[in-house]
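# Mind folding the following:
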Amino acid sequence: MNRKKRIRFIANPRSGANRKRNLPQLIADNLDYDLFDYELSYTERAGHAIELTKEAVNQGFDLVVACGGDGSVNEVSSQLIDTNTVLGVLPAGSGNGFAGHLGLGRDVAKAIRHLNDGVPITIDTCTLNGQPFVNLAGVGFDGAVAKHLHDSPVRGFWAYFRYTLKETLGYQSQLLDIQIDGQKIERRCFLVEVANAPIYGYGFSIVPQANFTDGKMEVLLIKEAPKWHYVLESWRFLTRSFHKSSLAECFSGKAVIITPKKTIGAHMDGEGFLLQGEAKFAIRPASLKVLVPKVYAEILR
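As a prediction, the model looks like this:
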């Protein structure tokens, strides 16, 4: 008989989504026990998911499942790069951008059932100043919004909407020096997005051409413009066409350096921070195994 595979679920008990859902019962009701043995570990402090994932790799777990949003996925995946342990995702966060791209939606019970017949694929990962990310990183407007959310006790869509509106009204574009595979560009930008995968949280697609199996990053520049122009173009987030806007310039590359003239908001997989000095981006092709629903496996390869 084939041995059962071992899964470690890692969840933040203070996450709003995890507090509202009975995660142990959802796992009990939806996971196939003929296929898997599992344990559920709860984080106790910032960075604990990293420690729990590293421990799971060392103990030979087959699959580690991040039960949370893009921040949780970032922490767990960072320890699975270049290992044989597969990343799984349960969409238990606020935005769930990466889970959305994997075809998991926002239904946790359904996502658990997808573990039963899921297919592992190998994807690229990226780094920003040596720190890994799997989805998107950015400098400028969206970084400022993400920093507000990071500092806020309130999360969720309406907090995201509030800070987006606030920054739209007050944010000033900044002059940036940008290098893409040695090509030098100087632009006054509203934002610069570096994408391994295409989707922000809440299903908003900003870089729809990004493909996390093609060995390169997509770079989207949004140029300085009157504020009303950004508002008029916002519908493109819902139609996956922002890259076609007259505000956008698109590039592809394997090495990107963004140098702002002063401190600027930035984000990595949705986690906001202040960037001082340059941001160096690099691609790590075919470096992470991810479990996806069987029906999406061929589409996403």
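
# for this protein, what spans make up the helices?
With DSSP state H as the criterion, the chain has helices at 16-20, 23-30, 48-58, 70-78, 97-101, 108-117, 141-151, 157-170, 227-233, 236-239, 294-300.

# who are the neighbours in contact with the closest residue in space to P24 that isn't next to it in sequence?
Setting aside the residues directly before and after it, P24 is nearest to L40 in space (C-beta to C-beta, 6 or more residues apart in numbering), at 6.1 Å. Every residue, glycine included, has its C-beta placed from N, CA and C. When contacts are counted by C-beta atoms under 8 Å, 6 or more residues apart in numbering, L40 is found next to 8-9, 11, 23-24, 27.

# can you redo these as TSV with distance to D214?
Formatted as TSV, the contacts of L40 follow (distance: C-beta to C-beta, whole Å):
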residue	distance to D214
R8	30
F9	30
A11	32
L23	34
P24	39
I27	34
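
# ok, the residues you listed vs F61, which is closest?
Ranked by distance to F61 (C-beta to C-beta), the contacts of L40 are led by R8 at 5.0 Å.

# Looks like L238 contacts Y200 (just checking).
No - with the criterion set as C-beta atoms under 8 Å, L238 and Y200 do not qualify as a contacting pair; they are 11.4 Å apart.

# Looking only at neighbour counts, state which of these two leads.
Between L238 and Y200, counted using other C-beta atoms under 10 Å, the more crowded position is Y200 (25 against 11).

# Apart from its chain neighbours, what residue comes closest to that one?
Of all residues not flanking Y200 in the chain, G97 sits nearest, at 5.1 Å (C-beta to C-beta, 6+ apart).

# where are the low-confidence patches of this structure?
Within the chain, the stretches falling below the threshold (pLDDT under 70) are 1, 15-21, 151-161, 163, 201-203, 298, 300-301.

# Beta-bridge partners for V65, please?
Partner residues in beta bridges with V65: F9, G88, with DSSP bridges as the criterion.

# Pull up the gap between it and P120, please.
In this structure, V65 and P120 are separated by 13 Å, where distance is defined by C-beta to C-beta, to the nearest Å.

# neighbours of S252, just the number please.
Counted with other C-beta under 10 Å, residues neighbouring S252 total 16.

# what number of residues lie near the residue nearest to it when sequence neighbours are not counted?
Distance criterion C-beta to C-beta, 6+ apart; nearest residue to S252, sequence neighbours excluded, is K216 at 5.0 Å. Summarising burial for K216: neighbours were counted as other C-beta under 10 Å, giving 18.
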